[in-house]
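A.B. asks: structure for the following, please:
(chains A, B and C)
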Amino acid sequence: MIQPLNLVLFSGTDDKLQAAAVLTAGAAAIGKPVHVFLQYWALDAFRTDRIAADHGLAPEAGPEGRSRVDELASAGQMPWSETLRMAKDLGEVDIQACSLSMDLLHLDQSDLDPLVDGVEGVTAFYDNAGDGQVVFI
Amino acid sequence: MIQPLNLVLFSGTDDKLQAAAVLTAGAAAIGKPVHVFLQYWALDAFRTDRIAADHGLAPEAGPEGRSRVDELASAGQMPWSETLRMAKDLGEVDIQACSLSMDLLHLDQSDLDPLVDGVEGVTAFYDNAGDGQVVFI
Amino acid sequence: MIQPLNLVLFSGTDDKLQAAAVLTAGAAAIGKPVHVFLQYWALDAFRTDRIAADHGLAPEAGPEGRSRVDELASAGQMPWSETLRMAKDLGEVDIQACSLSMDLLHLDQSDLDPLVDGVEGVTAFYDNAGDGQVVFI
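C.D. replies: Sure, this is the predicted structure:
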């Protein structure tokens, strides 16, 4: 039985979300199920009213990193949200919001982009993770 | 045999430490042993004289994230150190300080909160981790 | 069969790179193969013209953390690049640059330190990872 890949997304900057989306799409492409669990600032980035906004970069990107990322975007690079949508078409990708972070940020599921499939607690996350890898991003 | 969950804590901000504490408590609650290995700024946050202090948030939290976290704290949310204490009562949770980081920060074990069970090197960490997951936070 | 440890390095600050180098050296020392996959700002830090430069620290290090790290360096601590070179002598350590990040940063392999063994895509990364742990740093 193929074990799922379980990504806990905490960080809400566009570079880390892009890295997470690429890892998700790569796993989906080789037939590995992916469970994504959204916490804190990563969850905030999936709000319908913010998903297309600029979420900044990790501080170490600096102005040079910023301009590299902007260049790729102008050249037509898919934003991370579209990479995730494509990954969902490609394979088995389930995206859940962490219930504790939903409370923290005063959100309910109608505030979130349809990429998010549901809301679950940490115990359900571990149940679904089984013996698969857990990666924190 | 149930494999342990092995968390390498590097980051010392309260939001990441809270996320780590919740993952620890969730694993303890389902009977999974948890080994925590404290490095760098996460280790610094476990100093007796600082564990209750404000350790800031990830830069992307911004002022809105800051006020959400403060609201929850005022509403009585347990700080991460108490979540970890509860997790230790609930299950098998072992917290070790990385010996290299102890040297870096000029600490010895008497400087650390009693949550910390001991000091070990990276080889001992791998020995205890066995075939269990390693998660870096 | 011993499963490899697979480190996805994203962050480019010296403290996280040092933590990654120590985890690599520790795994190499106990005979565990290590695959390192360099993305974004971690990849940038492996450029020949920057590998010896100061890459800053995580924001939460603060001025006190900065001076602790500087003290250790003055006392002769090996920089992370040397720890990785030693790990390669000690065991089986393979370091690959992520092809998408190479494009983002306009790099080709001749721009990178000889520590980097090659360039690969995310699918090749998963193929090489097998059933081993994936750790994101």
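A.B. asks: ok, and the closest non-adjacent residue to residue A:78?
C.D. replies: Spatially, and ignoring its direct neighbours in sequence, residue A:78 is nearest to residue A:86 (7.3 Å; Cβ to Cβ, 6 or more residues apart in numbering or on different chains). Backbone N, C-alpha and C define where each C-beta goes, glycine included.
A.B. asks: doesn't that neighbour lie inside a helix?
C.D. replies: Yes - with DSSP: H, G, I helix; E, B strand; the rest coil as the criterion, residue A:86 is located in a helix.
A.B. asks: would you mind listing what in chain A touches chain C?
C.D. replies: Contact residues, chain A versus chain C (Cβ under 8 Å from any Cβ of the partner chain): A:3, A:5, A:15-16, A:19, A:22-23, A:25-27, A:29-30, A:32, A:58-61, A:65, A:68-69, A:72, A:133, A:135-137.
A.B. asks: which among those count as buried?
C.D. replies: A:5, A:15-16, A:19, A:22-23, A:25-27, A:32, A:58-61, A:65, A:68-69, A:72, A:133, A:135-137 (16 or more other Cβ atoms under 10 Å in any protein chain shown).
A.B. asks: output the below-cut-off pLDDT ranges for chain A.
C.D. replies: Within chain A, the segments meeting pLDDT under 70 span A:1.
A.B. asks: so where do the strands sit in it?
C.D. replies: Taking DSSP state E as the test, the strands found in chain A are A:5-9, A:34-38, A:93-98, A:118-120, A:133-136.
A.B. asks: can you give me the end-to-end span of stretch A:93-111?
C.D. replies: Terminal residues of stretch A:93-111 lie 20 Å apart, using Cα to Cα, to the nearest Å.
A.B. asks: what does it contact?
C.D. replies: Stretch A:93-111 is contacted from outside by A:24, A:28, A:33-40, A:43-44, A:46-49, A:84, A:87, A:112, A:115-122, A:124-125, A:128, B:22, B:68-69, B:72, using Cβ atoms under 8 Å, 6 or more residues apart in numbering or on different chains.
A.B. asks: can you point out the buried residues in that stretch?
C.D. replies: So stretch A:93-111, judged by 16+ other Cβ under 10 Å, has buried residues A:93-98, A:100-102, A:104-105, A:107, A:111.
A.B. asks: near chain B, which residues of chain A are found?
C.D. replies: Within reach of chain B by Cβ under 8 Å from any Cβ, chain A has these residues: A:8, A:10-13, A:39-41, A:44, A:55-56, A:59, A:100, A:103-106, A:121-123, A:125-127, A:131, A:133-136.
A.B. asks: re the thing from before, any of the contacts of stretch A:93-111 buried? List them.
C.D. replies: Taking 16+ other Cβ under 10 Å as the criterion, what is buried in the contacts of stretch A:93-111 is A:24, A:28, A:33-40, A:43-44, A:46, A:84, A:87, A:112, A:115-117, A:119-120, A:122, A:124-125, A:128, B:22, B:68-69, B:72.
A.B. asks: closest point of chain A to chain C, which residue?
C.D. replies: Relative to chain C, the nearest point of chain A is residue A:26 (3.6 Å; Cβ to the nearest Cβ).
A.B. asks: how much space separates the residue lying closest to that residue once chain neighbours are set aside from residue A:89?
C.D. replies: In space, and not counting its chain neighbours, residue A:26 is closest to residue C:122: 3.6 Å by Cβ to Cβ, 6+ apart. As defined by Cβ to Cβ, to the nearest Å, residue C:122 lies at a distance of 17 Å from residue A:89.
A.B. asks: residue A:94 and chain B, how far apart?
C.D. replies: Noted for residue A:94: a distance of 18 Å to chain B, by Cβ to the nearest Cβ, to the nearest Å.
A.B. asks: wait, I meant residue A:102
C.D. replies: Counting by Cβ to the nearest Cβ, the gap from residue A:102 to chain B is 11 Å.
A.B. asks: check residue A:108 too.
C.D. replies: 15 Å.
A.B. asks: phi, psi for that residue please.
C.D. replies: Dihedral angles of residue A:108 (phi, psi; degrees, to the nearest 10) stand at phi -130, psi 170.
A.B. asks: so which of the contacts of stretch A:93-111 belong to helices?
C.D. replies: Mapping these onto helices (DSSP state H) picks out A:24, A:28, A:40, A:43-44, A:84, A:87, A:122, A:124-125, A:128, B:22, B:68-69, B:72.
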